[in-house]
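J.: Sharing a model that was predicted from the sequence below.
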Amino acid sequence: MYSDALKNGRKIFAVAPMIDWTDRHCRYLHRQISRHALLYTEMVVADAIIHGPRDRLLGHDAAEHPVALQLGGSDPAKLAEALRIAEAYRYDEINLNVGCPSDRVQSGTFGACLMLTPETVASCVAAMKAISKAPVTVKCRIGVDEQEPEEALPDLMARVLDAGADAIWIHARKAWLKGLSPKENREIPPLDYDIVYRMKQRWPDVFIGINGGIQTLDRAAAHLAQVDGVMLGRAAYQNAAILADVDHRFYGEPAVGADWNGLRDRMMAYVERHIGNGGRLQHVARHMVGLFTGLPGSRRYRQILSTDANKPGAGPEVIAAAFAAVDSAGERERVSA
Ligand SMILES: Cc1cc2nc3c(=O)[nH]c(=O)nc-3n(C[C@H](O)[C@H](O)[C@H](O)COP(=O)(O)O)c2cc1C
């Protein structure tokens, strides 16, 4: 995937890994809106895969591809063991989390604090490369704490590339391991996109993707003039409708416009299957709440989804009712215009 993209000058648009957000239902939704965006799982800890419920942690719908599995861990042997298990699930990429600063993650000595021990990250990547048939990539910050990004970032990159990493995704800000919450660590340390661009100049033959604070597809396109990939997290989740233009803008597909009725029907069918398998509407509907942010009827849409989806016995008809609220508001607006 990455070597092809580099060879052919193809860019990659990705939706970031986000714990509690980019679960399989969210990814299924996003895939109905963009056929090509690369989707990431939530971080899955290697130990959990080894000891926990594998199907629940790794299972996904065939429709989700291309989909990348993000792993958390810092023990090469455990990461390798987790990957041996994960191979059966046929992810298109395996990504190592070197950017997540939560306390839970730090106590396991993985995530962003690995920026401090690049040699460990390199050993992890080498162990993962030895097992994985899919590309192995790293998602990192530009540094942590008092590190000097101009030194820490290229040092980490040189080592993981040496170990065989196929691409690097960089969240273009530092993380502070003490004193900031994970949320603050996504907002307070200043963004430095230029250092990511400089890494691309230094390693023109390496796939480098940029992440952090990118709100619109126009901004994404501007970054893609400098680097190979762009990754959106919060903007893609909170306003998934922006994904509707991704295939046209970044993958050369004709502009067909969003097919919201088709999306409604596909999500209703998906929910029906999910409920048939013992799941609940709410598992899926919670990711759909932000879909029409800013459009007429979106308040009513949100209200229907967030209240009615929780009621006992709620099924796909709630999705139909929510979409109808947007439709009829749109209709009223057209008539009064
Ligand atoms: C709710 C939430 C959960 C996140 N979980 C992860 C995670 O599991 N792994 C990871 O590498 N980054 C995680 N992140 C960070 C995002 O992947 C991304 O790097 C960050 O949000 C910056 O991108 P954005 O400004 O486009 O949102 C998470 C972010 C959010 C908002």
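T.: The structure has been received and is ready for your questions. Numbers count the residues shown, from 1 in each chain.

J.: Please identify the residues of the chain in proximity to the ligand?
T.: Counting by C-beta under 6 Å from any ligand atom, the chain comes close to the ligand at 16-21, 42-43, 70, 97, 99-100, 139, 171, 186, 211-214, 232-235. Placement of C-beta: from N, CA and C, glycine included.

J.: pLDDT score assigned to the nearest residue to Tyr251 once chain neighbours are set aside?
T.: Of all residues not flanking Tyr251 in the chain, His36 sits nearest, at 4.2 Å (C-beta to C-beta, 6 or more residues apart in numbering). Per-residue pLDDT puts His36 at 97.

J.: unless I'm mixing things up, His36 is touching Arg249, no?
T.: No. Counting by C-beta atoms under 8 Å, His36 stays clear of Arg249, with 10.3 Å between them.

J.: Could you report the neighbour count for Pro190?
T.: By the criterion of other C-beta atoms under 10 Å, Pro190 has 9 neighbours.

J.: Equivalent analysis for the one 10 residues further on, please.
T.: Around Lys200 sit 18 other residues, with neighbours defined as other C-beta under 10 Å.

J.: Buried subset of the residues of the chain next to the ligand as a PyMOL selection?
T.: In PyMOL syntax, the buried subset of the residues of the chain next to the ligand is picked out as below (16 or more other C-beta atoms under 10 Å):
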select buried, resi 16+17+18+19+21+42+43+70+97+99+100+139+171+186+211+212+213+214+232+233+234+235
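
J.: in the stretch 201-337 of the chain, which spans are strands?
T.: For the stretch 201-337 of the chain, the strands defined by DSSP state E, counting those that start in this stretch occupy 207-211, 229-232.

J.: Could you take those strands and lay them out as JSON lines, with extra columns for mean pLDDT and distance to Ala222?
T.: Formatted as JSON lines, the strands of the stretch 201-337 of the chain follow (pLDDT from 0 to 100; distance: least, C-beta to C-beta, whole Å):
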{"stretch": "strand 207-211", "mean pLDDT": "98", "distance to Ala222": "10"}
{"stretch": "strand 229-232", "mean pLDDT": "98", "distance to Ala222": "9"}
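
J.: Let me have the ones you listed in CSV, extended by distance to Ser328.
T.: Conversion of the strands of the stretch 201-337 of the chain to CSV gives the following (distance: least, C-beta to C-beta, whole Å):
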stretch, distance to Ser328
strand 207-211, 38
strand 229-232, 30
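
J.: Report the strands that pair with the strand ranked longest in the chain, each with its relative direction.
T.: In the chain, taking DSSP state E as the definition, the longest strand is strand 38-45. When sheet partners are counted by DSSP bridges, strand 38-45 sits next to strand 12-15 (parallel), strand 67-72 (parallel).

J.: Let me have those in CSV, extended by mean pLDDT.
T.: CSV is the format used below for these (pLDDT from 0 to 100):
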stretch, mean pLDDT
strand 12-15, 98
strand 67-72, 97
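
J.: any idea what the residue nearest to Tyr251 is structurally, helix, strand or coil?
T.: coil (DSSP: H, G, I helix; E, B strand; the rest coil).

J.: mind listing what it touches?
T.: If a contact means C-beta atoms under 8 Å, 6 or more residues apart in numbering, then His36 has 13, 66, 246-247, 250-251, 253 as its contacts.

J.: 7 Å instead?
T.: Applying C-beta atoms under 7 Å, 6 or more residues apart in numbering, we find His36 in contact with 246-247, 251.

J.: rewinding a little: need the residues that contact the longest strand of the chain.
T.: Outside strand 38-45, the residues that reach it (C-beta under 7 Å, 6+ apart) are 12-20, 22-23, 27, 30-31, 57, 64, 66-73, 95, 97, 100, 108.

J.: low pLDDT regions in the stretch 201-337 of the chain?
T.: 329-337 (pLDDT under 70).

J.: switch the cut-off to 80
T.: Filtered on pLDDT under 80, the stretch 201-337 of the chain yields the residue ranges 256-257, 327-337.

J.: of all of it, which residue lies closest to the ligand?
T.: Of the residues in the stretch 201-337 of the chain, the one nearest the ligand is Gly233, at a distance of 2.7 Å by C-beta to the nearest ligand atom.

J.: Just give the nearest non-adjacent residue to that residue, would you?
T.: Ala16 (3.5 Å).

J.: What are the phi and psi values at that neighbour?
T.: Ala16 adopts backbone torsions of phi -70, psi 160, taken as degrees, to the nearest 10.

J.: What's the per-residue pLDDT of it here?
T.: On the pLDDT scale, Ala16 gets 98.

J.: any idea how far it is from Arg27?
T.: As for Ala16, its distance to Arg27 is 12 Å (criterion: C-beta to C-beta, to the nearest Å).

J.: again with Pro118
T.: Applying C-beta to C-beta to Pro118 and Arg27 gives a distance of 30 Å.

J.: How about Gly9?
T.: From Gly9 to Arg27 the distance is 27 Å (C-beta to C-beta).

J.: Ok, Val98 next?
T.: For Val98 relative to Arg27 (C-beta to C-beta), the value is 22 Å.

J.: More neighbours: these two, which one.
T.: In this view Val98 and Arg27 are compared by other C-beta under 10 Å, and Val98 has more residues nearby, 31 against 24.
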